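Undergrad: the amino acid sequence is not available; the structure is as follows:
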């Protein structure tokens, strides 16, 4: 039994084609001797090197790096770790691409929407973060930092498919100039309202918020017209003993009532793995309509 293999025997033993073995041999990656008939002969060590070369090449390791590994200029473990990281990045890119394509299929998106969605999904984690940071800087510039601003900065590095959809929608939202201006208005108004002595209950008051969600929410679900006697009776129950000017209260509540802003928070919740919450804005919109339909104080 010989411990030498011809190139054909080595190909049969390893499953690597004769042409590839010859190519790698010509590059100096595999050593061989010559038979009396000038045929290449390989030993068991060459067969083991061939297995390693094939594995590294299948992992995408380039030939110069393979040579460095074989010559022990770099450790095999270092190369493997580097390629694990590269594979992780490839898997992430493929997962993002799959999520984008699935979203396009479900939304029946146009070619232009596909282009935009693909572009947004391919942003790196750093670029995703920069987009949000730019939004926060513009909308909160000159205002005290708050948990709101900090919360807006939280984006996942490796989003799940449903988070990719949320990220695409969020990126489009925060890139909109009108939306930025709206959030800026809310932030400035909120920061200036430091005194609460003469202010009525607002959506930031837990008791008032509960009343709105329960009473106005049910009225909305039941289709009660805010201007109807029934709607005005529900309004009176929500306001209780408050004698605040109703038009003024409507203006104040409207400042902090925006479906797009609420959607922003819903999207951030998805991105940060927070439990979903029921939309509150529709109930406040009903309340605002009821306030605006309410007769003036002198006619009540």
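TA: That came in fine, so what should we check first? Just so you know, these numbers come straight off a predicted model, no measurement behind them.

Undergrad: least confident secondary structure element in the chain?
TA: Lowest on mean pLDDT, DSSP states H and E among the helices and strands of the chain sits helix 147-152, with a mean of 65.

Undergrad: what is the neighbour count of residue 164?
TA: 23 (other CB atoms under 10 Å). Where you see a C-beta, it was placed from the backbone N, CA and C, and this is true even at glycine.

Undergrad: so where's the stretch 1-150 of the chain shaky on pLDDT?
TA: 1-2, 89, 92-93, 96-97, 99-101, 103-109, 112-114, 116-126, 145-150 (pLDDT under 70).

Undergrad: and the helices in it, which stretches?
TA: With DSSP state H, counting those that start in this stretch, the ranges of helices along the stretch 1-150 of the chain come out as 7-14, 18-26, 44-58, 63-70, 76-107, 111-121, 125-140, 147-152.

Undergrad: next structured bit after the last one?
TA: With elements assigned by DSSP states H and E, the helix or strand that comes after helix 147-152 is helix 161-174.

Undergrad: list the buried residues of that next one.
TA: For helix 161-174, burial by neighbour count (16 or more other CB atoms under 10 Å) applies to 163, 164, 165, 166, 167, 168, 169, 170, 171, 173, 174.

Undergrad: would you reformat these as TSV and include pLDDT and distance to residue 39?
TA: Shown next, in TSV, are the buried residues of helix 161-174 (pLDDT from 0 to 100; distance: CB to CB, whole Å):
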residue	pLDDT	distance to residue 39
163	80	59
164	75	56
165	77	61
166	83	63
167	81	60
168	79	60
169	83	65
170	86	65
171	83	62
173	89	69
174	88	68
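
Undergrad: from those, which is closest to residue 138?
TA: Nearest to residue 138 among these is residue 174, at 9.4 Å by CB to CB.

Undergrad: distance between whichever strand or helix holds residue 237 and the chain's centre?
TA: If you go by DSSP H and E, residue 237 is part of helix 229-239. Mean-position distance between helix 229-239 and its chain equals 42 Å (CA atoms, centre = their mean, to the nearest Å).

Undergrad: and the next helix or strand after that helix, how far out from the chain middle?
TA: Next along the chain after helix 229-239, taking DSSP H and E as the criterion, comes helix 246-255. Relative to its parent chain, helix 246-255 has a centroid offset of 35 Å by CA atoms, centre = their mean.

Undergrad: please parse the protein into its domains.
TA: 5-74, 89-184, 195-299 (automatic domain parsing).

Undergrad: any buried residues in stretch 46-63, and which?
TA: 46, 47, 49, 50, 53, 54, 56, 57, 61.

Undergrad: name the residues that touch stretch 174-190?
TA: Stretch 174-190 is contacted by residues 131-132, 135, 138-140, 143, 148, 173, 255-256, 258, 260-261, 264 when judged by CB atoms under 8 Å, 6 or more residues apart in numbering.

Undergrad: show the buried residues in those.
TA: Here, 16+ other CB under 10 Å leaves 131, 132, 135, 139, 140, 148, 173, 255, 256, 258, 261, 264 buried among the contacts of stretch 174-190.

Undergrad: show me the residue sitting in the middle of the chain in space.
TA: residue 167 (3.7 Å; CA atoms, centre = their mean).
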